[in-house]
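Asks: the sequence and its predicted three-dimensional model are supplied below.
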Number of protein chains: 2
Amino acid sequence: MVDFLKKYLTAKTGLSEEKVELWSSVFSPRKVSKNEYLLREGEVCRYSTFVCQGCLRLYSIDGKGREHIMQFAPEEWWVADAQSFSDNTPSLYFIDALEDSEVMQMDQQGQAKLLKIVPESALFYQSLMQKRQAVSQRRIATSMSASAEERYLDFMKTYPSFIQRIPQHMIASYLGITPESLSRIRKSVVSKK
Amino acid sequence: MVDFLKKYLTAKTGLSEEKVELWSSVFSPRKVSKNEYLLREGEVCRYSTFVCQGCLRLYSIDGKGREHIMQFAPEEWWVADAQSFSDNTPSLYFIDALEDSEVMQMDQQGQAKLLKIVPESALFYQSLMQKRQAVSQRRIATSMSASAEERYLDFMKTYPSFIQRIPQHMIASYLGITPESLSRIRKSVVSKK
DNA sequence: CGGTCTCTTGACGGAGTTCAAAGCTAGTGG
DNA sequence: CCACTAGCTTTGAACTCCGTCAAGAGACCG
């Protein structure tokens, strides 16, 4: 579990073994079983979470009680409500596990300590944040310009591995459509081929 | 123009006069006339821009030739394609001026220099980035859960000052609806009151 | 097995788009 | 300083995509 994180950090940052060792030392392993929550709306997000095994999701629930999935997080993904994590403000989001999962978690003190002992980490997290922002921007543009079918095809192309293991109705929620619509879209996509 | 930036930095960061002086020293003033471009799709975004006077917009153009506005930037706002700016990759976006404007710009070298001479700036930009991300997340959730009318009312509540000076069809573009729809929504909102 | 959760299918309705045209407004040049 | 044009906003009518509601078929788990 720790090894998975170390391997990831080495691959992504190219830092020395000692640095990677220090970096991963601020994380604690944790097992999360399916349907277990890591964060609920109204709570403060205490951890930045790295997924070693399994799959999590980040989502909100709107005024009409409907779920809207913002992010899926399988192996090698990070999840947190960054705003809540760094400002200690109550989160608007939920995080839970779609499968039995193994994760590594860092709290705020850990983050602060990490910045001191491995200053390079700041750059890494900044670039991570930037990529996340780029994805969000793209998603906004797509939700405005593309039809439900185009969005589904785009999703399949971008995250082909997600199709296998994530339930249809959750993909629908991510795409901003109903499960019924997604079912019809899939049918029509297949028949077109 | 420089003074406007200094005043802003002092208010936002509470740093000393000398630090603010150093900070603003990495910026260059620039006048942008209405409809002038600061960035086009395919170009690298060379500057992080702070608006002192006027109003800019950040938008994309989709495959069908339609504009989708991602952000308006009046006084005291920052605009840039952060991804392109830091990675030197071609941007997917356009930035242009809705009004004759005065801005302060910092390039990558300036940013690097700034980090050395005013380390506190890193925290500031990180938090800026985080807020931007929070706004994007919220916008995604809203675009999935709310009707066009709800989105318009939400926009009016969140950015009341924009209504006065930004053309309707651009607000429609920001909201992801057609100008015709926005016109009808406005009519119905007025008649309800 | 039995019950719950997930996916599919059908019929219908409604929010928003598209296309077309007409009024308004504001900027420009003579 | 007025006249003219180009762009912005409004309005109408027809259409379309997707949501809603309802019901049935599978699949998974205790």
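Replies: Noted; the coordinates are in hand. Residues are numbered from 1 along each chain as shown, chains lettered A, B, ... in the order given.

Asks: low-confidence stretches in chain A?
Replies: A:192-193 (pLDDT under 70).

Asks: again, 50 this time
Replies: Residues of chain A meeting the criterion pLDDT under 50: none.

Asks: which residue lies nearest the spatial centre of it?
Replies: A:Ala73 (3.6 Å; Cα atoms, centre = their mean).

Asks: list the contacts for it?
Replies: By Cβ atoms under 8 Å, 6 or more residues apart in numbering or on different chains, the contact set of A:Ala73 is A:Thr49, A:Val51, A:Cys55, A:Leu56, A:Arg57, A:Leu58, A:Val79. Using the backbone N, CA and C atoms, a C-beta is placed for each residue, glycine as well.

Asks: redo that, cut-off 6 Å
Replies: A:Val51, A:Leu56, A:Val79 (Cβ atoms under 6 Å, 6 or more residues apart in numbering or on different chains).

Asks: could you count how many residues lie near the second one?
Replies: The reference is to A:Leu56. 24 (other Cβ atoms under 10 Å in any protein chain shown).

Asks: can you check the one 10 residues further on too?
Replies: With neighbours defined by other Cβ under 10 Å, the count for A:Arg66 comes to 13.

Asks: show the backbone phi and psi for the residue nearest to it when sequence neighbours are not counted.
Replies: Leaving aside its chain neighbours, A:Arg66 sits nearest to B:Ser145 (6.3 Å; criterion: Cβ to Cβ, 6 or more residues apart in numbering or on different chains). Main-chain dihedrals, B:Ser145, degrees, to the nearest 10: phi -100, psi -20.

Asks: any idea how far A:Ala134 is from DNA strand D?
Replies: Noted for A:Ala134: a distance of 24 Å to DNA strand D, by Cβ to the nearest atom of the strand, to the nearest Å.

Asks: what ranges does chain A have for its helices?
Replies: Counting by DSSP state H, chain A has helices at residues A:2-13, A:17-25, A:82-87, A:108-117, A:120-145, A:148-158, A:160-165, A:168-175, A:179-192.

Asks: make a markdown table out of those helices and add distance to DNA strand C and mean neighbour count.
Replies: Shown next, in a markdown table, are the helices of chain A (distance: least, Cβ to the nearest atom of the strand, whole Å; neighbours: other Cβ atoms under 10 Å in any protein chain shown):
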| stretch | distance to DNA strand C | mean neighbour count |
| --- | --- | --- |
| helix A:2-13 | 27 | 15 |
| helix A:17-25 | 34 | 16 |
| helix A:82-87 | 27 | 19 |
| helix A:108-117 | 33 | 14 |
| helix A:120-145 | 8 | 18 |
| helix A:148-158 | 11 | 15 |
| helix A:160-165 | 10 | 11 |
| helix A:168-175 | 3 | 19 |
| helix A:179-192 | 3 | 13 |
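
Asks: now check stretch A:36-55, is it near DNA strand C?
Replies: No - Stretch A:36-55 stays clear of DNA strand C (Cβ under 7 Å from any atom of the strand), getting no nearer than 13.6 Å.

Asks: to B:Pro90, which of the helices of chain A lies closest?
Replies: helix A:120-145 (12.6 Å; Cβ to Cβ).

Asks: who does that closest one touch, helix- and strand-wise?
Replies: Helices and strands touching helix A:120-145, as assessed by 3 or more Cβ pairs under 6 Å, 6 or more residues apart in numbering or on different chains; DSSP states H and E, comprise strand B:67-74, helix B:82-87, helix B:120-145.

Asks: what packs against the shortest one?
Replies: Counting contacts by 3+ Cβ pairs under 6 Å, 6+ apart, helix B:82-87 packs against helix A:120-145.

Asks: quick one, what contacts A:Cys45?
Replies: A:Leu39, A:Ala80, A:Asp81, A:Ser84, A:Phe85, A:Ser91.

Asks: if you set the cut-off to 10 Å instead, what comes out?
Replies: By Cβ atoms under 10 Å, 6 or more residues apart in numbering or on different chains, the contact set of A:Cys45 is A:38-39, A:58, A:79-91, A:93, A:95, A:107-108.

Asks: from those residues, which are also near DNA strand D?
Replies: Okay, of the contacts of A:Cys45, nothing touches DNA strand D (Cβ under 7 Å from any atom of the strand).

Asks: can you give me the end-to-end distance of stretch A:40-51?
Replies: Stretch A:40-51 has an end-to-end distance of 18 Å (Cα to Cα, to the nearest Å).
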